[in-house]
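# My questions concern the predicted model and sequence given below.
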Amino acid sequence: MTPIHELLNRIRWDPVFARGDFKLGYFDRVAERIIVVPFRELDFPADESRVFRLMDADGRSRRVPFHRVREVYRDGRRIWQRGGEKRKAEGQKRGKTNLNGSRECSPHQIEIHVIRAI
């Protein structure tokens, strides 16, 4: 998988590759969800590597480190996704982990486990 800093640099500096409508999805820790923003609205400060800045809906400047980028879209198609996101999503479908580390299961999953135990 291409590291995110390499992909962002290619979008910024390769005029042939950069043709298209790029959007970037980053994880917002406060909203606890992925926020998708147009690439053209991002600013890459020269004095900070691996960070971009953007203006939020309230007009405040936000600093976002590259490690919070989760996905990149080109013309509406996802072209990059951080490794492990699919596994995390699949794990969330299977059930949540309690604080003690045990798994909560849906009723359907419990039924399957009981049938297997018999």
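Cool, the structure landed. Numbering: from 1, shown residues only.
# use CA for all of it now, contacts and neighbours both
Noted.
# And stretch 17-37, end to end?
Stretch 17-37 has an end-to-end distance of 19 Å (Cα to Cα, to the nearest Å).
# mind giving me the domain split of this protein?
Taking automatic domain parsing as the reference, the chain has its domains at 1-83, 84-118.
# so of the ones you listed, which one's packed in deepest?
Of all the domains of the chain, domain 1-83 carries the top mean neighbour count, a mean of 14, counting by mean count of other Cα atoms under 10 Å.
# hang on, the earlier thing: kindly report which one of the domains of the chain carries the lowest mean pLDDT.
Ranked by mean pLDDT, the domains of the chain end with domain 84-118 at the bottom, a mean of 41.
# how close does the nearest residue to Pro65 once chain neighbours are set aside sit to Arg63?
Ranked by Cα to Cα, 6 or more residues apart in numbering and with sequence neighbours excluded, the top spatial neighbour of Pro65 is Val51, at 4.3 Å. Going from Val51 to Arg63 by Cα to Cα gives 7 Å.
# on that earlier part again, wouldn't the residue nearest to Pro65 be in contact with Phe66 here?
Yes. Val51 lies in contact with Phe66 (Cα atoms under 8 Å); the separation is 5.5 Å.
# most centrally placed residue in the protein?
For the chain, the residue nearest the mean C-alpha position is Arg70 (1.8 Å; Cα atoms, centre = their mean).
# OK, contacts around it?
Contact partners of Arg70, counting by Cα atoms under 8 Å, 6 or more residues apart in numbering, are 24-27, 34, 81-82, 85.
# Make JSON lines from those and add secondary structure and distance to Asp14 to it.
Output for these, formatted as JSON lines (DSSP: H, G, I helix; E, B strand; the rest coil; distance: Cα to Cα, whole Å):
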{"residue": "Leu24", "secondary structure": "strand", "distance to Asp14": "17"}
{"residue": "Gly25", "secondary structure": "strand", "distance to Asp14": "21"}
{"residue": "Tyr26", "secondary structure": "strand", "distance to Asp14": "22"}
{"residue": "Phe27", "secondary structure": "strand", "distance to Asp14": "26"}
{"residue": "Ile34", "secondary structure": "strand", "distance to Asp14": "26"}
{"residue": "Gln81", "secondary structure": "strand", "distance to Asp14": "20"}
{"residue": "Arg82", "secondary structure": "coil", "distance to Asp14": "22"}
{"residue": "Glu85", "secondary structure": "helix", "distance to Asp14": "27"}
